[in-house]
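# let me see the structure of the following:
(one chain, ligands or ions: 2)
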Amino acid sequence: MVSIDVRSVMRVIPTSLLCLAVTVSSPVAQVRPRDTLDIYVIDVEGGEATLFVAPSGESMLVDTGWPGFDGRDADRIASVAEQAGVTQIDYLIVTHFHTDHMGGAAQLADRLPVVHFIDHGTTIDQGDRARAAFEVYSTLRSTGTHRVVRPGDPIPVAGLDVRIIASDGSVLSGPLAGAGDANLFCAGFTFHGEDITSRFGDAEDQRSVSTFIGFGRFRTVIMGDLTWNLEHALMCPDNNIGTADLYLVSHHGSDTSGSEALVHALQPRVAVMNNGPRKGGAVQTFQILHAAPRLEDLWQNHYSIPAGDDHNMSERFIANLQDETPTQENPAVHMGPAHWIKVSARRDGSFTVTNSRNDFSRSYGPRN
Ligand SMILES: [Zn+2]
Ligand SMILES: [Zn+2]
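Residues are numbered from 1 along each chain as shown. Ligands and ions are numbered 1, 2, ... in the order given. Below is the predicted model of the structure:
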């Protein structure tokens, strides 16, 4: 009898064909019973877009990447959604009204229906472009149901425990269930960053909607661009979140977020950073992550050029290696598909992380 080792065959198929293969929709994928919470950290070139697919099949997208570029970011999100068997976005959380988070919403809605829009209310940015971008989103959200959330609010994604932990500059006033221990990492905390010297009107960042997601014993947080100083309000003197198996790195890995008071207290075993080649991925952020007490691995959406080889993980943990950040002068760079990091979490708290560029994956057991 002839047996074929599928893996050895796969090894000789060119990567370009593999990419094609995974972008074709599979009817099987749509009916496959799920027992995992799947989290896709999508490359939107220094913006943010993270898709959560619950075992129930309900979906929650946090942020939508950039506008423009012929719908590049919306295409990437829609492609991942298709691969995940998702035909509509049940809950869209727009963490805040910066264009790298909110901007792709209208183009995405042309590709995938969005049912519930969730955000912190109204932008505080007053520039003409910021107001115009907000108006586009504001018109869009009136086509579905719209909800302004506050800390403590639940989001009813079937099968998950989803709770807002910060919004519009306010944070949880008390701990999540099981949390609330004194946070030893508050000692020595120093305030710094954009809340004090705002170059881009970034008080909008500190208004980010931040969210806790629980699935059985698995716990994670996604914070948007919530700032370093607001982390203090949330985490000091008591740790209101508790621990997290997975830390979805705040603010693209910028050093105005991601303090020890947050990152070390969460004790994540894995972190995934949605940085761009030259956006976020700050040296200090890497240092804090690498020093986190229980961190086993850091996965990155891009190689961080500012951080260099001293701080970046080895290439197998990095989804996109090229330097093709769109700029004002050259907005057309890297228009094609991109690679993502996927986290597949199980109810017992164990999870597997996969890099779609090289299919490298690693599994992590339940927290002990
Ligand atoms: Zn921002
Ligand atoms: Zn941002």
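# and ligand 1, is the stretch of helix or strand Asn229 belongs to touching that?
Using DSSP states H and E, the element containing Asn229 is helix 228-235. No - shown here: helix 228-235 not in contact with ligand 1 (C-beta under 5 Å from the ion), separated by at least 12.5 Å. The C-beta positions use only the backbone N, C-alpha and C, and glycine is treated the same way.
# helices or strands up against that helix?
For helix 228-235, the packing partners by 3 or more C-beta pairs under 8 Å, 6 or more residues apart in numbering; DSSP states H and E come out as strand 161-167, strand 170-171, helix 260-266.
# show me the contact partners of the shortest one.
Spelled out, that is strand 170-171. Arg150, Pro151, Ile165, Ser210, Leu230, Ala233, Leu234, Asn240 (C-beta atoms under 8 Å, 6 or more residues apart in numbering).
# what angle do the helix holding Asn229 and strand 161-167 make?
Interaxial angle of helix 228-235 relative to strand 161-167 (axes from the mean of the first three to the mean of the last three C-alpha atoms, to 10 degrees): 130 degrees.
# any idea how far helix 228-235 is from the middle of the chain?
On the basis of C-alpha atoms, centre = their mean, to the nearest Å, helix 228-235 sits 19 Å off its chain's mean C-alpha point.
# next: stretch 298-307.
Taking C-alpha atoms, centre = their mean, one finds stretch 298-307 lying 14 Å from the centre of the chain it belongs to.
# so which bits of it are buried?
For stretch 298-307, burial by neighbour count (16 or more other C-beta atoms under 10 Å) applies to Leu298, Trp299, Gln300, Asn301, His302, Tyr303, Ser304, Ala307.
# got the contact list for the most centrally placed residue in the chain?
Nearest to the geometric centre of the chain sits Thr50, at 4.2 Å (C-alpha atoms, centre = their mean). Contact partners of Thr50, counting by C-beta under 8 Å, 6+ apart, are Ile39, Tyr40, Val41, Ile42, Leu61, Val62, Asp63, Ile222, Leu248, Asn274.
# in space, what's closest to the second one - neighbours in sequence excluded?
With C-beta to C-beta, 6 or more residues apart in numbering as the criterion, Tyr40 has its nearest non-adjacent residue at 4.4 Å, and that residue is Leu51.
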